[in-house]
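Peer 1: need coordinates for the following:
(2 chains)
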Amino acid sequence: MVIKQIIYLIQKEFLLEWRQKHALGGIMLYLVSTIFICYLSFAGIMSIPTWNALFWIIIAFASLNLVLKSFGDETSGRKLYLYTLAAPTAIIFSKILINSIVMIVLGVLGFVLFNLFMGNIAGGNLTYWVVLITGVLGFSSVLTMVSAIASQARNNFTLMAILGFPLILPLLLLLIRASLGAIEGASLKSVSGDLVVILLLVMISLTLSNILFPYLWKE
Amino acid sequence: MPNKTWNYTWKIFTIILMLYVILGGLLFEVPALPVIHQTIRNIYFHVGMWFSMIFILFVGFLFSLAYLRNFDLKYDRMAYATVKTGLVFGILGIITGMIWAQNTWGTYWVNDPKLNGAAVGILVYLAYLILRASLDDPEKRARLAAVYKIFAFVIMFVFIMILPRISGPSIHPGVDGNPALATGDLDPMMRKVFFPAILGWILFSYWIYTVVERKDKITQKINQLNADQL
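Peer 2: Here you go, the predicted structure:
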């Protein structure tokens, strides 16, 4: 039942994204311009740790922007309609899922472009790719719930950033460490500890979202 | 009324305890250790502040849960008061820690998992205050604030427990990988001040919390009366 609802909701999201391509296109352009600005301003002063940290900060900001959109776009009428149709679990899980899928696409795009512009440091590094995918999953699962909270308040971009950043900061530190290890040639096995912690966090935030989201949803 | 007596007995007990901690903490003999010297006395104050902050914030976490269960605005007011109190103790804890660090490590701040964990925790609670400030409707504010607090509390708890364990050794004293203090290696002559200090700080912080909560309650009432008059 819930699974069926999740599938329907995801279809609905994809259809909406497809009809209004400017939203997703906007975030992609945001990513591209940020990377281009970094390319111009960091030219020649880039060390490998800087390269790595910069990449993750860009990804963190892009995911903030993307995830903010996921609830900001819903008008109150549509919210009410969804509330009568679907279970809150289905709504929050479909949002987390859709954000994760789009985040993976954005992460891959950002990573490819970053390697293209800023020097190909980790383009062919399998461990780095795995860390990247796990990392964006972590971002989207933590931030979706924050977005659900922030979207109900005023000036929600600022709010999203201040509510979300402290929560993803430890995750960011973990990712920077693991991915720097990957650049230095660590095997998948040696970063698996960090990856398990991130996946644990994903599980915890899924559970919490499932418990807490119904309280946000009802008005 | 036994209840009434108890109401001030524990406060008198707290005052005596805190006086003992301040006097004993500053005057009693401490082990002479290299580098640390007399700054070891900071343990009675700095650690006590963190303990009381964690205690108060945990109480606040329970209040937020209680709010989502009963939807009684009383619990929201109580949860808000715990955050304000907890933040004051946390910031005092950071300041005492920084002064100590300047004297011992030669710098106010080091990039250490325990210090960063503390800073991130403070940021989360400051964000909680901003979230409250940006919502007008009391019911909605209470609901969103409680949801964020519970979400953030659990995630922060997991991180503060896990992060030091995986990010290598910490320069900060205490059990490796555990933000709590190692009581096992504490000198016996320090224990007779340290344990009362922890209890004293926790009681003291709870007292301050009740004062903050009462002030908020009165302010709310005054605002209500003013609104009724208009």
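Peer 1: quick check: which element contains residue B:62?
Peer 2: Secondary-structure assignment from DSSP states H and E places residue B:62 in helix B:48-70.
Peer 1: one more: residue B:10?
Peer 2: Here residue B:10 is assigned to helix B:2-27, by DSSP H and E.
Peer 1: buried residues, that helix. List them.
Peer 2: Residues B:14, B:17-18, B:21, B:24-25 are the ones in helix B:2-27 that count as buried (16 or more other Cβ atoms under 10 Å in any protein chain shown). All C-beta atoms are positioned from the backbone trio N, CA, C, and that covers glycine.
Peer 1: repeat for stretch A:118-127
Peer 2: Within stretch A:118-127, the residues scored as buried using 16+ other Cβ under 10 Å are A:118, A:121-122, A:125, A:127.
Peer 1: would TSV of the residues you listed with distance to residue A:145 be doable?
Peer 2: Output for those, formatted as TSV (distance: Cβ to Cβ, whole Å):
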residue	distance to residue A:145
A:118	32
A:121	33
A:122	30
A:125	31
A:127	29
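Peer 1: in helices only, show me these.
Peer 2: When the buried residues of stretch A:118-127 are checked against helices using DSSP state H, the ones located there are residue A:127.
Peer 1: residue B:104 against residue B:33, yeah?
Peer 2: No - between residue B:104 and residue B:33 no contact is recorded; they are 10.4 Å apart, counting by Cβ atoms under 8 Å.
Peer 1: and residue A:187, what are its phi and psi?
Peer 2: Residue A:187 has phi and psi values of phi -80, psi 170 when expressed as degrees, to the nearest 10.
Peer 1: can you pull the pLDDT of the nearest residue to residue A:50 once chain neighbours are set aside?
Peer 2: The spatial neighbour of residue A:50 that comes closest, neighbours along the chain excluded (Cβ to Cβ, 6 or more residues apart in numbering or on different chains), is residue A:42 at 7.3 Å. We note a pLDDT of 85 for residue A:42 in this prediction.
Peer 1: residue A:42 - how many residues pack around it?
Peer 2: Around residue A:42 sit 14 other residues, with neighbours defined as other Cβ atoms under 10 Å in any protein chain shown.
Peer 1: same check on residue B:101?
Peer 2: The number of residues packed near residue B:101 is 20, by other Cβ under 10 Å.
Peer 1: and residue A:218, what's its pLDDT?
Peer 2: Residue A:218 is assigned a pLDDT of 67 by the prediction.
Peer 1: now the longest helix seen in chain B against helix B:48-70, angle please.
Peer 2: The longest helix of chain B (DSSP H) is helix B:188-229. Going by axes from the mean of the first three to the mean of the last three Cα atoms, to 10 degrees, helix B:188-229 is angled at 40 degrees with respect to helix B:48-70.
Peer 1: for helix B:188-229, the distance to its chain's centre please.
Peer 2: With Cα atoms, centre = their mean, to the nearest Å as the basis, the distance from the averaged C-alpha position of helix B:188-229 to the chain average is 11 Å.
Peer 1: which elements pack onto it?
Peer 2: The criterion is 3 or more Cβ pairs under 8 Å, 6 or more residues apart in numbering or on different chains; DSSP states H and E, and the helices and strands that helix B:188-229 contacts are helix B:2-27, helix B:48-70, helix B:73-104.
Peer 1: how close does residue B:205 sit to chain A?
Peer 2: According to Cβ to the nearest Cβ, to the nearest Å, residue B:205 and chain A sit 22 Å apart.
Peer 1: excluding its backbone neighbours, what's nearest that residue?
Peer 2: residue B:52 (3.4 Å).
Peer 1: what's the closest non-adjacent residue to residue B:51?
Peer 2: With Cβ to Cβ, 6+ apart as the measure, residue B:198 is the residue that lies nearest to residue B:51, at 5.2 Å, once sequence neighbours are left out.
Peer 1: measure stretch B:33-50 end to end?
Peer 2: One end of stretch B:33-50 to the other measures 24 Å (Cα to Cα, to the nearest Å).
Peer 1: would you mark the buried spots in it?
Peer 2: Counting neighbours by 16+ other Cβ under 10 Å, stretch B:33-50 gives B:36, B:39-50 as buried.
Peer 1: for residue B:143, give me phi and psi.
Peer 2: According to degrees, to the nearest 10, residue B:143 has phi -70, psi -50.
Peer 1: distance of the residue lying closest to it once chain neighbours are set aside from residue A:154?
Peer 2: The spatially closest residue to residue B:143, leaving aside those adjacent along the chain, is residue A:215, at 5.9 Å (Cβ to Cβ, 6+ apart). Residue A:215 sits 20 Å away from residue A:154, going by Cβ to Cβ, to the nearest Å.
Peer 1: near chain A, which residues of chain B?
Peer 2: Among all residues of chain B, those adjacent to chain A (criterion: Cβ under 8 Å from any Cβ of the partner chain) are B:68, B:116-117, B:120-121, B:123-124, B:126-127, B:130-131, B:134-135, B:140, B:143-144, B:146-148, B:150-152, B:154-156, B:158-159, B:162-163, B:166-167.
Peer 1: can you do 6 Å?
Peer 2: Taking Cβ under 6 Å from any Cβ of the partner chain as the criterion, the neighbours of chain A within chain B are B:68, B:120, B:123-124, B:127, B:130, B:134-135, B:143-144, B:147-148, B:151, B:154-155, B:158-159, B:162-163.
Peer 1: centre-most residue in chain B?
Peer 2: The C-alpha lying nearest the average C-alpha coordinate of chain B belongs to residue B:53 (Cα atoms, centre = their mean; 0.8 Å).
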